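Peer 1: Output the structure for:
(one chain, ligands or ions: 2)
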Amino acid sequence: MKINFNAEKEFDIIAIGRACIDLNAVEYNRPMEETMTFSKYVGGSPANIAIGSSKLGLKAGFIGKISDDQHGRFIEKYMSGVGIDTSNFVVDKEGHKTGLAFTEIKSPEECSILMYRQDVADLYLAPSEVNEEYIKKSKVLLVSGTALSKSPSREAILKAVSLAKKNDVKVIFELDYRPYSWESLEETAVYYSLVAEQADVVIGTRDEYDAMENRETEGQNENTVNYLFKHSPELIVIKHGVEGSYAYTKSGEVFRGLAYKTNVLKTFGAGDSYASAFLCALITGKDIETALKYGSASASIVVSKHSSSEAMPTVEEIEELIAKNETISIA
Ligand SMILES: Nc1ncnc2c1ncn2[C@@H]1O[C@H](COP(=O)(O)OP(=O)(O)O)[C@@H](O)[C@H]1O
Ligand SMILES: O=C(O)C[C@@H](O)[C@H](O)C(=O)COP(=O)(O)O
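Peer 2: Numbers count the residues shown, from 1 in each chain. Ligands and ions are numbered 1, 2, ... in the order given. As a prediction, the model looks like this:
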């Protein structure tokens, strides 16, 4: 099965949400308390997805608010440098700062992220700063769940989703759940359900769907898809880490994507690289099974490297890995 996108559109994908900075531990395999040096990269889930998409040859744009300082200018310059249209970046004029994510790489299995996200510029994107003429030019609007965590960004996202639906732009909802961004699980569940019900494609980990369902315990994929398929989604992707991922279609098909063996350096970056390559495959007309392979291969490459954004692979690297066919099989 394939998803049909409107071929007349100028952009393949426009992402909306945060464009921030990752500061990744240079001395890894140790706790952050003992880490003295960090490398700077552009970060933020939707920015990473836009960067990954652009590197794979898609025409990508971005809607977001950046700080009026050195960090904001670094982000804009890096993203335009990799070919992303940054004309719809808004520069914050109220002194809000760029969000920072310090990463800790204790071991390949034990990584964590320490986020500095108080009063960050990205969450001040206002509905009036979301432009219909821009959104209508894209095949896809990629929405990050974290952008729903606070107003006015929350309303800006809801406006963007309704403009996308009005203008034949597919809404892809990447759940991107960061618990510390939210007041409560209850609040997350309200806004995640609202947007997931309107989206065409939903992508998330099992844990993230549990947040959408306001669950403290692990839910069943079958129940999740039965609920969402009563609404707009035509495709639902549920990721299970190294155990791989599943894609469910409204017509009842289920596909499994296996993870590819790799030399893991750190675990973060997997989700964003997966999303960009999965979507690139779908948008360029590949079937869902191939899209799952693209997502898994891209994630496998990025977890073997130091960054999330800079490490995003090319189509050739992805296809080379798929051709080797060294998957991780877990029952
Ligand atoms: N250790 C790993 N080795 C190889 N691939 C991995 C590994 N961990 C995750 N992946 C790949 O990345 C995808 C997304 O990872 P997951 O952990 O589910 O998402 P997220 O990073 O959003 O939490 C998985 O479906 C898998 O294909
Ligand atoms: O999303 C962020 O704000 C931080 C990211 O830039 C960071 O690289 C990361 O956590 C990516 O992890 P993923 O969501 O597993 O792809």
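
Peer 1: L265 belongs to a helix, doesn't it?
Peer 2: No. Under DSSP: H, G, I helix; E, B strand; the rest coil, L265 falls outside any helix and is assigned coil.

Peer 1: Give the burial count for it, as a bare number.
Peer 2: Residue neighbour count, defined by other Cβ atoms under 10 Å, stands at 19 for L265. Placement of C-beta: from N, CA and C, glycine included.

Peer 1: Please tell me I have it right and C20 contacts Y41.
Peer 2: No. With contact defined as Cβ atoms under 8 Å, C20 does not reach Y41; the gap is 9.9 Å.

Peer 1: Neighbour count: the two, which is higher?
Peer 2: C20 (29 against 24).

Peer 1: if we look at the sheet, which residues does the more buried one bridge to?
Peer 2: With DSSP bridges as the criterion, C20 is bridged to G43.

Peer 1: Please tell me how far it sits from F5.
Peer 2: For C20, the distance to F5 equals 28 Å [Cβ to Cβ, to the nearest Å].

Peer 1: Let's verify the residue in the stretch 201-331 of the chain positioned nearest to ligand 1: helix, strand, or coil?
Peer 2: Here the stretch 201-331 of the chain gets closest to ligand 1 at one residue, G271, 2.2 Å apart by Cβ to the nearest ligand atom. Of the three states, G271 takes helix under three-state DSSP.

Peer 1: okay but it is in contact with S296, surely?
Peer 2: No. G271 lies out of contact with S296 (Cβ under 8 Å); the separation is 11.7 Å.

Peer 1: Show me what from the stretch 1-150 of the chain comes close to ligand 2.
Peer 2: Neighbours of ligand 2 within the stretch 1-150 of the chain, by Cβ under 6 Å from any ligand atom: 20, 22, 43-45, 48, 101, 113.

Peer 1: Buried subset of those residues as a ChimeraX selection?
Peer 2: The buried residues among these can be selected in ChimeraX (16 or more other Cβ atoms under 10 Å) with this line:
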select :20,22,43,44,45,48,101
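
Peer 1: now the residues of the stretch 1-150 of the chain next to ligand 2 as JSON lines including distance to N325 and pLDDT?
Peer 2: Converted to JSON lines, these look like this (distance: Cβ to Cβ, whole Å; pLDDT from 0 to 100):
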{"residue": "C20", "distance to N325": "36", "pLDDT": "98"}
{"residue": "D22", "distance to N325": "31", "pLDDT": "98"}
{"residue": "G43", "distance to N325": "31", "pLDDT": "98"}
{"residue": "G44", "distance to N325": "33", "pLDDT": "98"}
{"residue": "S45", "distance to N325": "29", "pLDDT": "98"}
{"residue": "N48", "distance to N325": "27", "pLDDT": "98"}
{"residue": "A101", "distance to N325": "34", "pLDDT": "98"}
{"residue": "I113", "distance to N325": "32", "pLDDT": "94"}
